[in-house]
Each structure stands twice: as C-alpha cells, then as structure tokens.
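Asker: Predicted model and sequence follow; I will ask about them next.
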Amino acid sequence: MKRSGDIVERRNSRALAMTVLTTVLAAGSLSACSGGGGGGEGDAGSDTVRVTLANHVWTDAIVEAIPEFEEETGLTVEVTQLGEDQLSAQYNVQLNAGTDEIDVMMYRPLQEGKLFAQNGYLADLTERVGSNADWQWDDFQEGPVDSTTFEDQVVGVPTITEREVLYYRKDLLEKAGLEVPKTLEELEAAAKQIKEQNPDIAGFVARTGKSPAVTQFSSFLYGFGGEFIDDEGNSAVDSPEAKEAYAYYGRMINQYGPANVSTDMSWPEAMAIFTQGGAAFYTEADSLYQNATDPANSQVAETVGFAPMPAGPAGSRPYNVPSWGLGINEASGNQDNAWKFIEWATSKDMVMQIQQEGVPGPRNSVWQDPAGTETYPEDLAAAIEVSAENGVGADRPLVINVGEAREIVGDPIVVGITDGDVDAAADAAHEAFQQFLDDERE
Amino acid sequence: MAVAALPPKRVPQKQTAWKSYSDWANEHRKWLFAAPAMIFVAVLIAFPLGWTLYLSLTDASGSVRAKSEFIGLENYADVLTDTERFWPAVLRTFVFTAVALTVQLVLGMAIALLLWRPFKGEKWVRVAILLPLVATPVAVGMMWRLIFDPNIGFANQLLGFVGIGPQPWLSGQYSALPTVIFIDIWQWTPMVVIILLAGLTSLSDEPDEAARIDGASAWQRFRFVTVPLLMPTIIVAILLRSIDALKTFDLLYATKGRGGGSFHEVETLNVYAYGLSFDYNDYGVSSTVLIIFFLIIVAVMFLLTRRRKDVQK
C-alpha cells in the first residue's frame, strides 16, 4: 500500500511542477511585454537627462562638449542619436505611447512643431525662457522664435537656422566669362551656356524628390511672387506666379540638369553631384556649406563660391528658417534638469562656439559679433547677411500635417522635372491642397 | 480486517482541494502545458490585431492618444474607392510578388537541379550561392542603389563597355519596379534553392530510374516524375516566399524612400500603410489598409495550404 501513497505523492508533485512552470512562463511572457514601459529612471529630479538628437554637425559639436556640462552640473547626459527619418519614426512611436523616457527632444519646428504641440507632446516653456535674464531669450531672432511658439506658448528653443543660397563653381564661371547671376533669368542663361560648353557637366542641380524639394523650391516660389497658402488660408499653388515658379524649377533641372536625373534626390544626392564636380550651380541651405568646402568630402572645395539667392520678378526672397530646435517632453518627470541642458546648449557661448564650427545659430548677438562669422567663407557670410534681411519665415506650408502637404504641393515640381504638363499638375495640386486645408480646418 | 490494518489515509482533509486540482491538472495537462504559448500568442498577436481593427473603425489621427471618433466602416469605404494610391499599391504588391516569385521558382529549380548531384567544389559553390541570403535587406538596398546610380553607378559603366547607353534603373518612373524586383530575385532565389534542394535530396531514385528504363527523356523525367514528387516542397517554397514577398518593406524603403518614390513607383501596400501612419499620422486609414492587407495575406495562405493538402492526398 505504500506504493499507492507514492503515486499520490508523485501526482501531487507533478501537478505542482506543472502549475509552477505554467505560472512562471506566463508571468515571464507577460512581464517581457510590459518591460519597455517601466524604466523607473524618469523619476522627478533624476540625475540623468535623456536627450534625443538628430545626426547633424550641430549634434557632433554638442556631444563633444557634453562632458563640460556634466562636470558643471553634476548631471549625467544620455544621448540617443538618430538619422532624420528614424528620429521622426521614433518620436511617432514613443510619444504616441506617452513615454517618459525622453527628456530633451531635438525636433523640426516647421515640420513637426504644430503637430507635436497640438498633441501635447511639448512642455510649455514660457515661464522658463523668461526666468533667466543672463541667458537672454530676447536675443533670439524673431522668425525662429515665432516658429517655436504655439498659441502664445513657447514650446521650443531654436538651435539651427538656415537660408537658401546659391552654391556655384568659380572656375566654370570664369571659363565661360560669366558674372555671378543676380537674377533667375541670368541663372538660367548661365546654366544653359555652361551645359552647352561642357556636355558632361550639368548647368544646374537641386533636390528633385517630391517632398525634399519643396523647401528648396520655396525660395523660387517666393521669388516669382507666389506662395503656398494665401492670407485667407487657402491654397495658392495654382496662381500664375506659382505656375511660373514650378515651370522654372522643373525646366532648370530637366534641360540643364544632370543626365538621367533621378526624381528621388534629397540634399545628400544633389550635394554629391555638386561636390563631385558634376554641376555648375546648386541652390541649397547654407547650413550644409561645409559639405562643399571640406576638401575631404568635396572635389570642388577650392572652387566653390556662394551668392545670395538670385532675384525673381518679386526680388530675392530666400527662406530664413529655424531648421531644428530643442523642446522638453511633456511626459518627462525630469523637466527641470532637461531645461538646464537646453539652457546650456543654447547659451550665448555654446551658440557662438557651434556657429564658428559652421552651424548657423539663432542668436542676433552672435551674428552681430564679427567673431560669429569669421570662420565662414567671406562670400557666404555676405550672402547670409542679405538673406537674413529679405528672408521669408517659412520654407514649406505651415500646417499641422506637413508631411502630407509637402507631397501635395511637391507634385508639380516632379512633373516639371520630368517634362510633364506643369500647369495641369499645379491645378490638380491646388484642388488637392485646398481639400487638405479644408479638412485640417474642420 | 486487512482493510482496517491499513495506515490512516495520508492526505488530510484540507488537502482534498489540492488533490482534486491535481487530478484536474493531470487530466488537462495538454492544455496546461500549452497555456503559456497560448497566452503568449493572445497577447502578442491578438491584442495588436484587435487594436489595429479598432483603430481602423475610428478617425484617429495626429496622435493615437488624442480623442477619436468611432466612424464605423467609413475608412473602409474611402480606402476601397481610392484609385489614386490604394488600388495601384495593391496592383504593385501583386505584380512584385508574382513576377519575383515566378522567376525565383524557375531559377531556384534550375540551380537546385544543378547542385543536386555531387560534383567537385560543390561546397564552395553552395556557400557562394547562399551569400545574398545572409545579407540584411537594407544593406542590400544601399548596395544596389550605388550600383544602379544613373550617373556614377557600376551598372551603367558596365553597359557603357558593351556600347549601351545609360539606363535610369531605380530612378526611372517605369524602370524602378522591375529593378527592385530584380534585386529581390537576386537576394531570395537562394532560399528557394535551399528548400528545393532539401526536397530533391529526400526523393528516392527508383521512380526516376524506372522512367529511364521506360525510355523517358530527361525533360519527361523532370516534368512527369521529379516535379510531381517534389510538388509538396514546391508549394512550401511558394508559400514561404509569397508571404515574404507580399510583405516586403525594407528593400523598397531603402532603395526608394518614403512613398515609394516621387511617383509612388514602388509603393506597395506595406509602404503605403507605413507612409499613412509615419508621414501622415493618419492612424485610422493606415490601420484600415493594414487590416485589408492582412486579410489578403490570410486568403493567399489559406488557398496555398489547401492546395498543399490536396497535393499531399
């Protein structure tokens, strides 16, 4: 009979083992699912500030200087650095989930600013920016400050500003006996002449991708007297001025651009063509100039020149915008220390230091100080000065869903580049854009 | 009396509950052991799927935490009548899958037949053929992007040597889709080779020999002996590759970027849905596209597995 007791015992222990195993496995899989949310380091006043930054020359300079900040404040900075697209995707996922794992976020005020502010992702900094007189909020340029302000609340601090300028090849112009073009008309004539003289070299290159091209096209649009959205908030991309601008931009690339031009180019691809000596003229943001002047990356470092955006019928009207800013995640429990980081990263000294390293900053005092532009090529500094005066404060439609808007208003650009019917494309874009604006207003 | 002499019952009264549980557990042990996996599946598959289904019935946009309204099947009506982006994306998804799959099967079969019989240097050839398979799709995309660059790429230089003018490859409005299909074929044919080779090795030689004795030609033996015997394996290869090809995203995104290029020339359903949620923040519509896409994949899978069962019978 002892055996039967053994069986009961064994059965019991087997049931126990099963139960334990089941519970452990189930609990394990469940906790693995929720693992990402916990963290626990985001508690108020943690000594660790978690900063998410985009890949940029600015970021490289900041990351290099972070040990100084850590020493000064006793805080630890954890940096996550991502490419532009990955950064956007990351924000989309994390902020949507209400993460408190990000304290400071580098973002694009014109691209995502409205969306983020409307979603409540960005903390209100109005009080903080006014609290430190030495840091001087009123030293920041007006345009950039406008675009980091949402419904009268300051939600970000601009860090990088940029304007569109004309990059050109001094040697090719000299060979052709041409002056630096001052108007769009002269630019077209010069591009045509150089392309004819040098069959292997494009007269002109610029971004061609539907969405990436929109920002660089904007200065052409303004130069012709057009705009994306009129004063009443309606689509204006079918105006005669806008159609002329679309046709001009498309024609410049279609007729005088590189052979076999791709319609997917953003700045890295277009810049590569220019810096490999493949084009005479290139319109692009000034903040990228080091790509062309650095002999390590550029075969035209010795011969590149810079000029203000050539004037259209409405004058030279380049955009002058803040391309990046810093904000604080509303859900962060470490906002005080996050602000300390922002205050340091945008202090007069840091802005001066980084601007000298080649990234145009947002502070008036730095631009007024001769030291602020002493490291820049002379012609570039002059072009920036002109552009800052007559610049327009937006390089894309200022709406909430900028991504979709860019694709709509960018369509006629691509149609122009591929020699399609620009007028019809502009009309179609107008209709779609008006619909988009109406939907967004609802 | 023998009964009375037994020791008192070992399990006291309070343990009867445990005992009955123990019996129950013993009886249902297959469920109990399967429970962790089932919970895992429920949490990791059913929940996201249910959530996506829910989102597809709302007008969620901007942020999924923002207030959204329940709008029933409105998104489905919008998506299914969208001839500008949705249906072209469906068409591209199927063209991509069908062409890539067909070529991969034909090529894969040919290569598998070549590798079937042992030969000298077989190991090295097999390794070389498998190389594309182990590369990550994004890296592959970047590599081919350089090769196919219209101005400085190797592909056009090569064409130049034989006197053919430069082609636009990935950057052309009409050549982009065939080019990405080519890259997919390059990368995934080895997988078909592996599967078919495994199937071929397990075939017995007798039917083939019998056919040979009966005077069947090489083609006849392949067509009427090898292929029918290999059919279950071929269907597995089709099943795995078609689901994979339908879902391709990394390669397309790495070569053409968001929206599948300026003309949406390689925009498949996956790329479209990604753009809707990550570029447009239109989570409702994006979820709708994904649910429809999911149903398409389930349907394809269902048809193929049924066909496979028919063959096995």
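Answerer: Arrived safely, thanks for sending.

Asker: Would you mind identifying the helix or strand in chain A with the lowest mean pLDDT?
Answerer: The least trusted helix or strand in chain A, going by mean pLDDT, DSSP states H and E, turns out to be helix A:2-38, with a mean of 49.

Asker: Check the average confidence over stretch A:424-431, would you?
Answerer: Averaging the model's pLDDT scores along stretch A:424-431 yields 97.

Asker: Now that stretch: buried residues?
Answerer: Within stretch A:424-431, the residues scored as buried using 16 or more other CB atoms under 10 Å in any protein chain shown are A:Ala425, A:Ala426, A:Ala428, A:Ala429, A:His430. For glycine as for every other residue, the C-beta is placed from the backbone atoms N, C-alpha and C.

Asker: does that stretch come close to chain B?
Answerer: No - using CB under 8 Å from any CB of the partner chain, stretch A:424-431 stays clear of chain B, coming no nearer than 10.4 Å.

Asker: what does that stretch rub up against?
Answerer: Outside stretch A:424-431, the residues that touch it by CB atoms under 8 Å, 6 or more residues apart in numbering or on different chains are A:235-238, A:242-243, A:246, A:408-409, A:411-412, A:415-416.

Asker: so of those residues, which ones are in helices?
Answerer: A:Ala242, A:Lys243, A:Tyr246, A:Ile408, A:Val409, A:Asp411, A:Pro412, A:Val415, A:Gly416 (DSSP state H).

Asker: Turn those residues into a markdown table, including pLDDT, neighbour count and distance to A:Leu178.
Answerer: Formatted as a markdown table, these follow (pLDDT from 0 to 100; neighbours: other CB atoms under 10 Å in any protein chain shown; distance: CB to CB, whole Å):
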| residue | pLDDT | neighbour count | distance to A:Leu178 |
| --- | --- | --- | --- |
| A:Ala242 | 97 | 24 | 29 |
| A:Lys243 | 97 | 21 | 28 |
| A:Tyr246 | 97 | 31 | 26 |
| A:Ile408 | 96 | 25 | 37 |
| A:Val409 | 97 | 29 | 32 |
| A:Asp411 | 96 | 24 | 33 |
| A:Pro412 | 97 | 31 | 29 |
| A:Val415 | 95 | 25 | 30 |
| A:Gly416 | 96 | 27 | 25 |
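
Asker: of all these, which comes closest to A:Thr346?
Answerer: The closest of those to A:Thr346 turns out to be A:Val409 (CB to CB; 31.6 Å).

Asker: now the ones in helices among the contacts of stretch A:424-431 in TSV, with distance to B:Glu265?
Answerer: Listed next are these as TSV, based on distance: CB to CB, whole Å:
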residue	distance to B:Glu265
A:Ala242	25
A:Lys243	25
A:Tyr246	21
A:Ile408	18
A:Val409	20
A:Asp411	14
A:Pro412	17
A:Val415	14
A:Gly416	17
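
Asker: Identify the residue nearest A:Leu122 in space, chain neighbours excluded?
Answerer: Nearest-residue entry for A:Leu122: A:Val155, 4.0 Å, with adjacent residues in sequence omitted and distances by CB to CB, 6 or more residues apart in numbering or on different chains.

Asker: That neighbour: neighbouring residues, count only.
Answerer: 24 (other CB atoms under 10 Å in any protein chain shown).

Asker: who's in contact with it?
Answerer: The contact partners of A:Val155, by CB under 8 Å, 6+ apart, come to A:Gly113, A:Phe116, A:Ala117, A:Leu122, A:Ala123, A:Asp124, A:Leu125, A:Thr148, A:Thr149, A:Gly327.

Asker: mind running it again at 6 Å?
Answerer: Contacts here follow CB atoms under 6 Å, 6 or more residues apart in numbering or on different chains; on that basis A:Val155 touches A:Ala117, A:Leu122, A:Gly327.
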